[in-house]
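# Model the following, please.
(chains A and B)
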Amino acid sequence: MRRSFRILAAAGALAILAGVVGWTSAAGTGPATIRIVERQFGYTRVDVGRHGLSPGDSEIITSRLFNKRVTQKPIGSGRFICTFTNGLNRTCIATIGLPKGQLVATGAVRFREFYNLAVVGGTGLYDNARGTLTVIRTTRKPARDILLFRLAG
Amino acid sequence: MAPAAERSDSTATPHWRQRLRTASLSSRVMVGSAVLALLVAAAFGVLLYAVSTLDDATKRERHAKTVTAATLQLEKLVVDLETGLRGYVLSRQPAALEPWRNARAQLPEKLRAFERLASTTAQQTRRARNLVTQINEYLNDYSIPVVDLVRASPAVSRTQTVRQEGFFRVSEIRRQFARFLDAENALTAHRTSSAQSWSDRAIALAVFGLVASAILIGGFGLYLARSIAEPVREVSGGAARLAGGDLGTRLVPHGPGEVQELTQAFNDMAERLERGRRELEAQNEKLRESERAKSELVSVVAHELRTPLASVLGFTSVLLQRDLSREEQRQYLGIIDAQGRRLAALVNDFLDVERLEEGKVVLAQELVDMGRIVREQTELFAGQSPHHLLDVSLPETPLAVRGDANRLAQVVANLLSNAIKYSPRGGVVRVAGDREGSNVRVSVADQGIGIPEEVQKEIFGKFVRGHATANGIEGSGLGLTISRSLVEAHRGHIDFESTSGKGSTFWFELPVAVPD
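Have a look, this model is predicted:
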């Protein structure tokens, strides 16, 4: 009886330890805010269906990412693929490549000047990342945005 | 081993105590003053520390208030930015943006001032930097783009996303402000409390130090009073007893070194005074003795001079007043001559004694045969008394001594004269001279009245005549005094043996002359 209790206790302790390790690895970055300046350098519009803006059209935007507090050189690249659904409304998937991994955000966008996307995952350091990406346009020409990731874990 | 160590300790402690007891007053005063000075200095140091701590706490509190004021001003600017922006977004009236503009204009300076003032601790510095970053990001990443959006795309600026972002950012900044202020207040409170606590402890320590100093100063004064006043009072009492005539007063040395020296000096002074008094008393006694001797001398001299002088005057008167036969005249003149000679001899004796006492007699250092001197003097005295038989015993060889022949003859003559005078009923006077070892010994023995035992000790003194005067024996009492002085001046020795009623033997010894 006593032996069974010891085995159970050891198993419980191992389980708690495994749980803590797992939670820690899931929240690789921990709660964090990442601020990046994005400078757009490519824009491609794919017009499908009837001419002009119509559901199914898509736009592909490529950009370079900067963190001037660290270096003047680009620290990564961004790719936005948006599919228009209704009028100016579109669904976008943003893939942000950073030195220690990628972050992927998706969501609905109406105005490109100011929108939020849900961070749904990532790779590398940002494995299993969750949170919000807020994009704010600071200049139109050249198009510069602030990308603000608020990661929950 | 242990007993040895104990013995060592037991011998070391009394030595240490002894050194402490005999330490000089000046060293005690210096050590005591140094301890007191250290204590007072420590107390004042603690007080100074308390004052400086309080002053520091006051400065920190004042600085904390300045930081709080700067923080609140900055927070107000942020609120102005936010409210101005919201008003502009809602109304799109440029006038609504005025608070925003004012706040934006003031913001850089206020941020710099805030960052500078808030650098009190590393944590607060980090918090302040974080706040400044957030405010700058709010302004540059949100507020300014939104103002631009209002102008370019008013619909965008009024979306929920934009409003939420603004609310979220300002809320976060205000939370940061609250945390910063809480931390600053906690820090100030902690510092004030710590300073107050230190101040309280320092004041308590200082008060304790000052009270202890006061007690120690009082104790030190008491100790000094007892160390100095008490022994000085004892010395004063001793001096009073000394002044009162108690020259046997002595004090027990105790107390500090200087006081012990004072006591020792007092004892030395008392000792010298007592010795001086004894010497004075002895001198007084001598003076009294001298005065008595002088009176006696005057009496003796007057008596000795008066007797022959009376004879001289009496017989001279008889010769002048009566017609005497030639034979009678010759007889009386003979008496006058004899008495005159006696007077001259007396005067010579007086002069000799004086010269000998003053060391003015000059003795010749010639080779003298004592046998010849004894023989000559015996022959001279042999005819003077028909009742005495002078038996001379001398060796055939000379008894050579070195000295003054006349003075040595005077000594022999004195002894012979005494032997005859003090044998009034006559008898044999045995005179002997011989060599004994390295000395020549001359002795004169009579069968006379002898010397009473009570006089024997002072028989060589001046004017000592024993019972001679009572027995009607003439003399000055200076012969033996002169004889002893002369013998001793020749590095010799004179002495006697006598039995009252049976006679006396006087003898003297002189060193045998060493041939040149």
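
# how close does residue B:36 get to residue B:413?
Distance, residue B:36 to residue B:413, by Cβ to Cβ, to the nearest Å: 90 Å. Every C-beta, even on glycine, is put in place using the N, C-alpha and C of the backbone.

# shaky segments in the stretch 351-500 of chain B?
B:466-470 (pLDDT under 70).

# swap that for chain A, please
For chain A, the ranges with pLDDT under 70 are A:1-29, A:153.

# In it, which strand is the longest?
For chain A, the longest strand by residue count, based on DSSP state E, is strand A:32-46.

# strand partners of the helix or strand just after that one, parallel vs antiparallel please.
Of the helices and strands lying after strand A:32-46 in sequence (DSSP states H and E), the nearest is strand A:58-66. On the basis of DSSP bridges, the sheet neighbours of strand A:58-66 come out as strand A:32-46 (antiparallel), strand A:74-86 (antiparallel).

# Quickly find the element holding the closest residue to residue B:119 other than its chain neighbours.
Leaving out its chain neighbours, the residue that sits closest to residue B:119 by Cβ to Cβ, 6 or more residues apart in numbering or on different chains is residue B:125, at 4.7 Å. Per DSSP H and E: residue B:125 is located in helix B:122-137.

# by contact count, what packs against the helix or strand following that helix?
Using DSSP H and E, the helix or strand that directly follows helix B:122-137 along the chain is helix B:144-152. Counting contacts by 3 or more Cβ pairs under 8 Å, 6 or more residues apart in numbering or on different chains; DSSP states H and E, helix B:144-152 is packed against strand A:114-122, strand A:131-139, helix B:25-91, helix B:154-157, helix B:160-224.

# How about the residues of chain A by chain B?
Remark: the part of chain A in contact with chain B comprises A:35, A:110-111, A:113-116, A:134, A:136-138, A:140, A:146, A:148, using Cβ under 8 Å from any Cβ of the partner chain.

# Please, a ChimeraX command that selects the buried ones among those?
Applying 16 or more other Cβ atoms under 10 Å in any protein chain shown to these, the buried members can be selected in ChimeraX as follows:
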select /A:110,111,113,114,115,116,134,136,137,138,146,148
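
# can you tell me which two in the residues of chain A next to chain B are farthest apart?
Greatest spatial distance in the residues of chain A next to chain B: A:35 and A:110, 23.2 Å, computed using Cβ to Cβ.

# returning to that earlier point: what's the neighbour count on the residue nearest to residue B:119?
13 (other Cβ atoms under 10 Å in any protein chain shown).

# I'd like to know which of the residues of chain A next to chain B is nearest to residue B:490.
residue A:35 (139.7 Å).

# Mind checking the pLDDT average for stretch B:43-59?
In this model, stretch B:43-59 has an average pLDDT of 78.

# Output that stretch in PDB, but only the C-alpha positions, please.
Extracted in PDB, the C-alpha atoms of stretch B:43-59 (Å, rounded to 0.1, in the frame of the first residue of the first chain):
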ATOM      1  CA  ALA B  43      28.800  61.400  20.900                       C
ATOM      2  CA  PHE B  44      29.100  64.500  18.800                       C
ATOM      3  CA  GLY B  45      30.100  62.300  15.800                       C
ATOM      4  CA  VAL B  46      26.900  60.300  16.300                       C
ATOM      5  CA  LEU B  47      24.900  63.500  16.600                       C
ATOM      6  CA  LEU B  48      26.500  64.900  13.500                       C
ATOM      7  CA  TYR B  49      25.700  61.700  11.700                       C
ATOM      8  CA  ALA B  50      22.100  61.900  12.900                       C
ATOM      9  CA  VAL B  51      21.800  65.500  11.700                       C
ATOM     10  CA  SER B  52      23.300  64.700   8.400                       C
ATOM     11  CA  THR B  53      21.000  61.700   8.000                       C
ATOM     12  CA  LEU B  54      18.000  63.800   8.800                       C
ATOM     13  CA  ASP B  55      19.200  66.400   6.400                       C
ATOM     14  CA  ASP B  56      19.800  63.800   3.700                       C
ATOM     15  CA  ALA B  57      16.300  62.400   4.300                       C
ATOM     16  CA  THR B  58      14.800  65.900   4.000                       C
ATOM     17  CA  LYS B  59      16.700  66.400   0.800                       C
END
